[in-house]
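*Asks:* Give me coordinates for this.
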Amino acid sequence: SLHQCVMHAAEMGHITNQGVANALISKLDAAQAALDRGQPAVAANILQAFIHQVEAQSGKHIVPEHAAHLIEHAQAVVAAL
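*Replies:* Numbering: from 1, shown residues only. Below is the predicted model:
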């Protein structure tokens, strides 16, 4: 799952700022909550915000290769919605 990818990236040092990791996890939790409420469009919007945040932090607090991986996974989830 995408949540596990973020957790693993933070543990392995691919996300170098815990605040960034926490913000990403919060977005994923919010997207899951929207899905649980039967709001897939809201979840997709939240995942787009997740993607934008990962893009903004790539090369800063997220290793670029791992950022690309997270973005790819998030886009696959959005497409599945």
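*Asks:* For the closest residue to residue 9 other than its chain neighbours, give its distance to residue 67.
*Replies:* With sequence-adjacent residues excluded and distances taken as Cβ to Cβ, 6 or more residues apart in numbering, residue 9 is closest to residue 15, at 4.7 Å. C-betas here are computed from N, CA, C, even on glycine. In this view, residue 15 and residue 67 are 9 Å apart by Cβ to Cβ, to the nearest Å.
*Asks:* ok, how many other residues are close to the residue nearest to residue 9?
*Replies:* Neighbours of residue 15 under the rule other Cβ atoms under 10 Å: 25.
*Asks:* how about it, what does it touch?
*Replies:* Contacts for residue 15 (Cβ atoms under 8 Å, 6 or more residues apart in numbering) come out as 6, 9, 21, 24, 57, 61-63, 66.
*Asks:* Nearest to residue 44 among those residues?
*Replies:* Using Cβ to Cβ, residue 24 comes nearest to residue 44 of the contacts of residue 15, at 16.3 Å.
*Asks:* so what's the backbone phi/psi at that closest one?
*Replies:* Phi and psi for residue 24, reported as degrees, to the nearest 10, are phi -70, psi -40.
*Asks:* what does the model give the residue nearest to it when sequence neighbours are not counted for pLDDT?
*Replies:* Using Cβ to Cβ, 6+ apart and skipping the chain neighbours, the partner closest in space to residue 24 is residue 6 (5.0 Å). At residue 6, the model reports a pLDDT of 97.
*Asks:* Give me the common contacts of residue 15 and residue 67.
*Replies:* Common contact partners of residue 15 and residue 67 (Cβ under 8 Å, 6+ apart): residue 57.
*Asks:* ok, back up a step: distance check, the residue nearest to residue 9 against residue 60.
*Replies:* In terms of Cβ to Cβ, residue 15 sits 10 Å off from residue 60.
*Asks:* Show me the beta-bridge partners of residue 15.
*Replies:* When bridges are called by DSSP bridges, residue 15 pairs up with residue 62.
*Asks:* Could you report the neighbour count for residue 52?
*Replies:* Applying other Cβ under 10 Å, we find 12 residues neighbouring residue 52.
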